[in-house]
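Chemist: I would like to see how this sequence folds:
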Amino acid sequence: MAMQLDHEELHRLLASLADSDIQEFRLEGEDFRLEVRRNVHVSPKAPVSTSVEEASLPTPQLKVEPSLPSSPPPAVAGSRADSVDVTAPMVGTFYRAPAPGEPSFVEVGSRIGVGQTVCILEAMKLMNELESEVSGEVVEILVENGTPVEFGQVLMRVKPS
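Modeler: Numbering: from 1, shown residues only. This is a model prediction of the structure:
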């Protein structure tokens with residue numbers, strides 16, 4: 001039996017997790033894995049929030065790792081054979097930096113490693129760090145900072161190394 005989550009179900013799940021005291025949550029399907037962790041250690045150079053509401057929110061991390069599908073996925077229009085697409089694992093707002101005025105996580109030409117944060121997706125007032133699945137060089141960033149994105153939308157392309 002295949003497990004499918006539509007956008008509304010995902011939003012309800014994230015809202016339920018936000019209202020609970022669950023610190024870690026993992027959900028796996030045939031072609032996805034969703035991990036949410038809260039109260040993760042924040043680095044000392046993290047910006048201080050000016051909003052009381054934002055400051056009281058835990059900092060979850062979201063990591064989605066695609067499983068190998070039984071058939072190859074359809075090619076994305078305009079995708080390059082020498083690069084890997086980094087796609088949005090959820091509907092949300094794309095942010096290139098940890099806070100306004102801070103440097104972007106990555107730029108075109110940046111070298112990245114597996115597990116490195118490449119952007120933040122905000123969904124339902126939760127800031128979800130998107131970590132790279134590959135090592136390589138960022139060759140293209142396709143989304144403007146602060147732009148709403150859809151599930152599966154290509155955010156950036158990485159040339160693996």
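
Chemist: okay, CA-based contacts and neighbour counts for the rest of this
Modeler: Will do.

Chemist: for the protein, what spans make up the helices?
Modeler: 7-19, 52-56 (DSSP state H).

Chemist: out of those, deepest packed?
Modeler: Most buried of these, by mean neighbour count (mean count of other Cα atoms under 10 Å): helix 7-19, with a mean of 13.

Chemist: What mean pLDDT does it get?
Modeler: For helix 7-19, mean pLDDT rounds to 75.

Chemist: and what of stretch 36-55?
Modeler: The predicted model assigns stretch 36-55 a mean pLDDT of 49.

Chemist: Same question for stretch 128-140.
Modeler: Taken as a whole, stretch 128-140 carries a mean pLDDT of 95.

Chemist: could you pull out the strands for the protein?
Modeler: Applying DSSP state E to the chain gives strands spanning 24-28, 33-37, 61-64, 84-87, 92-95, 111-112, 117-123, 126-131, 136-141, 147-149, 154-160.

Chemist: got TSV for those strands, with distance to Ala18 and mean neighbour count too?
Modeler: Shown next, in TSV, are those (distance: least, Cα to Cα, whole Å; neighbours: other Cα atoms under 10 Å):
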stretch	distance to Ala18	mean neighbour count
strand 24-28	11	13
strand 33-37	10	17
strand 61-64	12	22
strand 84-87	24	19
strand 92-95	16	23
strand 111-112	30	20
strand 117-123	11	22
strand 126-131	8	22
strand 136-141	30	19
strand 147-149	21	16
strand 154-160	25	20
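
Chemist: need these in JSON lines with distance to Ser104, can you?
Modeler: Below are the strands of the chain laid out as JSON lines (distance: least, Cα to Cα, whole Å):
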{"stretch": "strand 24-28", "distance to Ser104": "27"}
{"stretch": "strand 33-37", "distance to Ser104": "23"}
{"stretch": "strand 61-64", "distance to Ser104": "18"}
{"stretch": "strand 84-87", "distance to Ser104": "16"}
{"stretch": "strand 92-95", "distance to Ser104": "8"}
{"stretch": "strand 111-112", "distance to Ser104": "13"}
{"stretch": "strand 117-123", "distance to Ser104": "8"}
{"stretch": "strand 126-131", "distance to Ser104": "13"}
{"stretch": "strand 136-141", "distance to Ser104": "12"}
{"stretch": "strand 147-149", "distance to Ser104": "15"}
{"stretch": "strand 154-160", "distance to Ser104": "13"}
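
Chemist: quick one, which of those is nearest to Arg12?
Modeler: Closest approach to Arg12 among these (Cα to Cα): strand 117-123, 11.1 Å.
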